[in-house]
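Engineer: give me a 3D structure for the following:
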Amino acid sequence: MQVNPPPDQLRLIRQTTLCQRMDLSANGLAKLRAKDPTFPQPIKFGESRQAPVFYDEAEWQSWLETKKAERGAA
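Structural biologist: Numbering: from 1, shown residues only. Model prediction:
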């Protein structure tokens, strides 16, 4: 059984999960981040290249909703 955290708590998702949800490769996600300064910043635990990278799911969902709203406004 999966327990969802309260809405006011931070929920992190791995970069690999975000890539799967967006149907992007890690390189594609890096290009998107470079091209769109409004994309949420990653949270990295460690300095090494192998350190896990996470994103705040609420920030990503907010960014996505903004993009959807812009699509309708154009």
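Engineer: where in this structure is pLDDT low?
Structural biologist: 1-8, 74 (pLDDT under 70).
Engineer: would you mind finding the longest helix in it?
Structural biologist: Counting residues, the longest helix found in the chain (DSSP state H) is helix 57-73.
Engineer: which residues does that helix contact?
Structural biologist: Identification of contacts with helix 57-73 by Cβ atoms under 8 Å, 6 or more residues apart in numbering yields 10-13, 18, 38-40. C-betas here are computed from N, CA, C, even on glycine.
Engineer: if we go to 7 Å?
Structural biologist: Helix 57-73 has contacts (Cβ atoms under 7 Å, 6 or more residues apart in numbering) with 11-13, 18, 38-40.
Engineer: what subset of the residues you listed is buried?
Structural biologist: 18, 39-40 (16 or more other Cβ atoms under 10 Å).
Engineer: how close does residue 51 sit to residue 11?
Structural biologist: 20 Å (Cβ to Cβ, to the nearest Å).
Engineer: over to residue 21?
Structural biologist: 13 Å.
Engineer: sorry, back to before: in the longest helix of the chain, what's buried?
Structural biologist: 57, 60, 63.
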